[in-house]
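Trainee: Can you look at this prediction? I've put the sequence above it.
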Amino acid sequence: MTTTRIRNGKVVDPAHRVDALVRDVCFEDGRIVALPSEQPVDQTIDASGCVVMAGGIDMHTHIGGGKVNLSRMLLPEDHRDRGDPLELSANPLELASCGVCAPGALATGYRYVAMGYTSAFEPAMVPANARHAHMEMGDVPIVDHGAYVMLGNDELLLEMLARNEDFERVRDYVGWTIDAHKALAVKVVNPGGISAFKYNQRKLDPDAAHAHWGVTPRQVVHALARAVHELRLPHPLHIHASNLGAAGNIASTLATIDALEGLPAHLTHVQFHAYGAAGPRKFSSAALALVEAVNARPNLSIDVGQVMFGQTVTASGDTMRQHANAGLSSPRKWICADIECDAGCGVLPFRYREESYVNALQWSIGLEIFLAAADPWRVVMTTDHPNGAPFHTYPHLIRLLMDKAFRDEQLARLHPDVAAQSALGSIARELSLYEIAILTRAGPARLLGLKDRGHLAPGAAADVTLYREQANREAMFATPAYVFKDGALVARDGRLTAVPIGGVHFATPDYDRGIEQTLRKRYASHGSIRFENAAIGRDELACACCNGGKLLPVECFEERSA
Amino acid sequence: MSWTCPFCPLLCDGFALSEGLELEGSDCPRARRGLAQAAPAANDAPAAIDARAATLDDALAEAARILSASRQPLFGGLATDVAGARALYRLAAACGAIYDHAHGRSAMHALRALQDRGAFATTLAEVRNRSDLIVCLTGSPSAAYPEFFRRCGVGEPLVDARHVVFVGGPPDETLSGVGGVSVESVALEGDLFSAVAELGACLARPPRASSLAQLARRLAEARYAVIAYDLASLPAHGELIVEQVTRIVIALNETTRAAALPLGGADGASTANQVFAWLSGLPLRSRVGPRGIEHEPLLYDTERLIARREVDALLWVSSFTPALVPPRVDVPVVLLGHPAMTPPARGVSIAVATPGIGAAGHLFRTDGVVMMPLFAVREDRMPEVAEVVERLRATMLAEDDR
């Protein structure tokens, strides 16, 4: 039983409406506890001059699985400094691992923790690649993790919808897929479009019919959102909408919202889905139209997918859109793959340039969305790592959101037409620390149903970050003074002090196992492995995949409060 | 009992084993050979020092001494599963070893083309459900991967009519008379380098009358053409062929659908490559050097390093088959091997369990997407590679501390 008391820190804990109050935060054996102020403890941390928050939570970051590893293999230059090796940390606790936009799994964990993040979620786990994804995430040290399984381009679901199969069967199939692959949530990527591309269709608008199955993205979105809702999963359907990155795609984004018919959903990396086709270049910001739709619908939450300038790599399940954009890859090489009648994969290196009108506008659209959204509880900070930018740019992003003068300075450096096209210059809002805490921990924890994360009340996991308060918010958030994971000090001033193994969050839906009969036949008639080998057992997940990390099953809602 | 066969990268899980480890439902020679080699009971001498029987503890201590004394060790073979590869990376990082797989040369054909051009690939279930044209570039895939055509669903009604083309070789006899399948042989015009270049040129320009031009037309007209090739059968500089195939597939995808299906990654080659890449950021043929991780796909070639005497100790891992023997070297060897392997005259030998026979484990299938679980089908009392390597690392670190 070791007890720790953090004193004199300004606590920012939006889950309990605590805004910069100086109070103690205590923990014992990995959990936050309430201790009387006179009670002696094993360790006291003086947090004078520090802001105390729960550990950061990245709810949409590509940290494990096929496309992540392909990105590493595609880009040896990301792991070199021109001809030389990248310098490694001298800290003996860190095993050699490197990379900037496609870091090794080890480096990924080290960097998240050094930056004050304690949980990270892979949003695009392909069922056929689920073991691999869990293995890689298991090798991301320290942080807790979990994954969203991809559905909506699997031939079985499309066939079920085409046949008008009983909805209960669809729901059971979704339930089985989550359970078998130990997913926390369900993501749909370009609904029906990845499959349609396999039938040589090059574009699929929300109301267009899939060339083979005749099903529309609208139907796919609605069926999956309903299934996830009825399964009472903590996180609603996670949607990567149709027509990613295409000029004028705001129409299909709004049509996707419409397809939900009020069902709860999370729209991901919306920056890539908020483009108009106005202006001389036929590419304009539709950020405000998107935000207006989100503000008006309490059933929706979003994450942004902010773009930052520089070299990165885009790794996506959206083969249709990645193939369409392959000509833009920089350096000029890319990967596409069709996967197991389940999904796809497209990996394109990309360099976002300040002098590019389109890239600069993307940057500004992301910021507009952050700043115009009314309810911070329904907006999550992401760069869609590494697609918009690597996650280690978060501190810079925070400064852009909190510091109007700094933001204007950056805007002035960009392609001059952007300032003219975008509303960004006229937005005076500066986010507060309280709002940043919502965007980066309290909000994502709530959206994922993680009841004991993202806050600092007794009973919560002692994932705690202490930032030394500084006017330069980038410097403040880049190198927290202290980071605790489950009560253990894991980083001090950016240097790792311990490397525990993270746990894995997964959902535990109830469904009718009768569906297994259908699936067993389906695997035999159409698949490439035996049905019995599809599901990942709990022991396999904990021991073989996650290096003995803790299993963190997440309960479904008793009754859904939509 | 149910089984995943670890002896080829198709990792078939559809065939059962009898109690006596006899294969049921397939006459795959690769699986039979692997099983026959696995059949003898555990070695009486699971560990040896300088080819003389030793306890596991003594063997580990000697292995640790060899690695500690080495100024530049090489980790070769690397024929193990995910757990073994994870442990090997930790050990390699601790002693600055260069790492390469026994099939490193063929793995580099794929990797170097990927690093320069990218890839456009598919997986077995897609081929089974979709492919109306399979073009085999390096002879019949069933020579090295006996269940290949069955795993691709050739002969099943999922695709109405499948056409299989064998470039530069005779048609696979097993396909003659299979319903719904037509086969064809297309002669090479020159070597494979010129044939794929010519094929690409035929696609780009109005085709002339030649058998490759006809094949180009067939590819362009197919709904979902798959170009399959065996990485191990490619000649030196095979990455140029892989790259050209990628370019052909990219060109085909301008108007129709097509993908490549590289075959390879046997004996844990693709598994080691993936695991080392995800842990460190860089794939095989790298080392954790004093200045950082160095990736040298040409320099860090096992054969070259040994010929040039650039390494002074060899740790060799071969847990699937006794056939993957370490190269002849005059430096001390630490062999973590199949129990039927001959212990090195100079160095240490520790017999290890075979994943999929004596131990559970995981391997990547040839398409690099599906990671198959392997199951232990018998008790053989031998340690797993991961366990031995972890103990070796602990022994080494304890020695260093002393």
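Mentor: Everything's here; your move.

Trainee: Longest helix in chain B, by number of residues?
Mentor: Ranked by residue count and defined by DSSP state H, the top helix of chain B is helix B:385-401.

Trainee: Burial check on whichever residue of chain A sits closest to chain B, number of neighbours?
Mentor: Proximity of chain A to chain B (Cβ to the nearest Cβ) peaks at A:P85, 2.9 Å away. No exception for glycine: its C-beta is placed from N, CA and C like everyone else's. A:P85: 21 surrounding residues under other Cβ atoms under 10 Å in any protein chain shown.

Trainee: same thing with the one 3 residues further on?
Mentor: Around A:L88 there are 20 other residues, counting by other Cβ under 10 Å.

Trainee: doesn't B:E294 make contact with it?
Mentor: No - A:L88 is not in contact with B:E294 according to Cβ atoms under 8 Å; the separation is 11.1 Å.

Trainee: Below-threshold pLDDT in the stretch 101-250 of chain B: ranges please.
Mentor: B:207 (pLDDT under 70).

Trainee: Compute the distance between the residue nearest the centre of chain B and B:H103, please.
Mentor: The residue lying closest to the centre of chain B (Cα atoms, centre = their mean) is B:G265, at 1.9 Å. Between B:G265 and B:H103 the computed distance is 8 Å (Cβ to Cβ, to the nearest Å).

Trainee: Need the overlap of contacts for those two.
Mentor: B:L231 (Cβ atoms under 8 Å, 6 or more residues apart in numbering or on different chains).

Trainee: Quick one: the helices in the stretch 201-350 of chain A, in order.
Mentor: Assigned by DSSP state H, counting those that start in this stretch, the stretch 201-350 of chain A shows helices spanning A:217-230, A:250-259, A:287-295, A:319-324.

Trainee: could those helices be laid out in CSV, adding mean neighbour count?
Mentor: Output for the helices of the stretch 201-350 of chain A, formatted as CSV (neighbours: other Cβ atoms under 10 Å in any protein chain shown):
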stretch, mean neighbour count
helix A:217-230, 24
helix A:250-259, 22
helix A:287-295, 20
helix A:319-324, 25
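
Trainee: so can I have TSV of the ones you listed showing mean pLDDT and distance to chain B?
Mentor: TSV is the format used below for the helices of the stretch 201-350 of chain A (pLDDT from 0 to 100; distance: least, Cβ to the nearest Cβ, whole Å):
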stretch	mean pLDDT	distance to chain B
helix A:217-230	98	19
helix A:250-259	98	23
helix A:287-295	97	32
helix A:319-324	98	7
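
Trainee: for those, which one sits closest to B:E184?
Mentor: Among the helices of the stretch 201-350 of chain A, the nearest to B:E184 by Cβ to Cβ is helix A:319-324 (29.2 Å).

Trainee: what residues does the closest one touch?
Mentor: In contact with helix A:319-324 (Cβ under 8 Å, 6+ apart) are residues A:190, A:193-194, A:196-197, A:201-204, A:243-246, A:314, A:316, A:334, A:336-338, A:344-348, B:253.

Trainee: and if you look at stretch B:168-182?
Mentor: B:136-140, B:142, B:149, B:154-157, B:159-164, B:166, B:183-188, B:192, B:195.

Trainee: For that stretch, list the C-alpha coordinates in CSV.
Mentor: In CSV, the C-alpha atoms belonging to stretch B:168-182 read as follows (Å, rounded to 0.1, in the frame of the first residue of the first chain):
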residue,chain,number,x,y,z
GLY,B,168,7.7,-19.3,-68.6
GLY,B,169,6.7,-22.8,-67.6
PRO,B,170,4.2,-25.6,-68.2
PRO,B,171,0.7,-25.5,-66.7
ASP,B,172,0.2,-27.1,-63.3
GLU,B,173,-0.9,-30.7,-64.0
THR,B,174,-3.2,-30.8,-61.0
LEU,B,175,-5.4,-28.2,-62.7
SER,B,176,-6.2,-30.2,-65.8
GLY,B,177,-9.8,-31.1,-66.0
VAL,B,178,-10.8,-29.0,-63.0
GLY,B,179,-14.3,-27.6,-63.7
GLY,B,180,-14.6,-23.9,-64.5
VAL,B,181,-10.8,-23.5,-64.8
SER,B,182,-8.9,-22.9,-68.0
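
Trainee: neighbours around A:G262, how many?
Mentor: That count, for A:G262 with other Cβ under 10 Å as the rule, works out to 13.

Trainee: Could you check how many residues crowd around the closest residue to it other than its chain neighbours?
Mentor: Take A:G262 and drop its neighbours on the chain: the residue closest to it by Cβ to Cβ, 6 or more residues apart in numbering or on different chains is A:N299, 5.7 Å away. The number of residues packed near A:N299 is 18, by other Cβ under 10 Å.

Trainee: residues in contact with A:N299?
Mentor: Going by Cβ under 8 Å, 6+ apart, A:N299 touches A:236, A:260, A:262-265, A:562.

Trainee: quick one: pLDDT of it?
Mentor: Note on A:N299: pLDDT of 96.

Trainee: B:E19 now?
Mentor: 87.

Trainee: any idea how far it lies from B:M1?
Mentor: 8 Å.

Trainee: near chain B, which residues of the stretch 201-350 of chain A?
Mentor: Those residues of the stretch 201-350 of chain A that sit near chain B, judged by Cβ under 8 Å from any Cβ of the partner chain, are A:323, A:333-342, A:347.

Trainee: Skipping adjacent residues, who's closest to B:L137 in space?
Mentor: Nearest residue to B:L137 in three dimensions, chain neighbours excluded: B:Y229, at 4.1 Å (Cβ to Cβ, 6+ apart).

Trainee: residues near that neighbour, how many?
Mentor: When neighbours are defined as other Cβ under 10 Å, B:Y229 has 27 of them.

Trainee: And the lowest mean pLDDT element among the helices and strands of chain A?
Mentor: Lowest by mean pLDDT, DSSP states H and E among the helices and strands of chain A is helix A:416-421, with a mean of 87.

Trainee: can I get the CA coordinates of it in CSV?
Mentor: Extracted C-alpha coordinates of helix A:416-421, given in CSV (Å, rounded to 0.1, in the frame of the first residue of the first chain):
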residue,chain,number,x,y,z
PRO,A,416,-2.5,34.5,-48.9
ASP,A,417,-5.8,33.3,-50.4
VAL,A,418,-6.4,31.2,-47.3
ALA,A,419,-6.9,34.2,-45.0
ALA,A,420,-9.3,35.5,-47.6
GLN,A,421,-11.2,32.3,-47.9
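
Trainee: Which strands or helices does it pack on?
Mentor: Packing partners of helix A:416-421 (3 or more Cβ pairs under 8 Å, 6 or more residues apart in numbering or on different chains; DSSP states H and E): helix A:357-372, helix A:404-412.

Trainee: Pull out the buried positions in that helix.
Mentor: Buried residues in helix A:416-421, counted by 16 or more other Cβ atoms under 10 Å in any protein chain shown: A:418-419, A:421.

Trainee: quick one on the thing from earlier: filter the contacts of A:N299 to the buried ones?
Mentor: Looks like the contacts of A:N299 have A:236, A:260, A:263-265 buried, using 16+ other Cβ under 10 Å.
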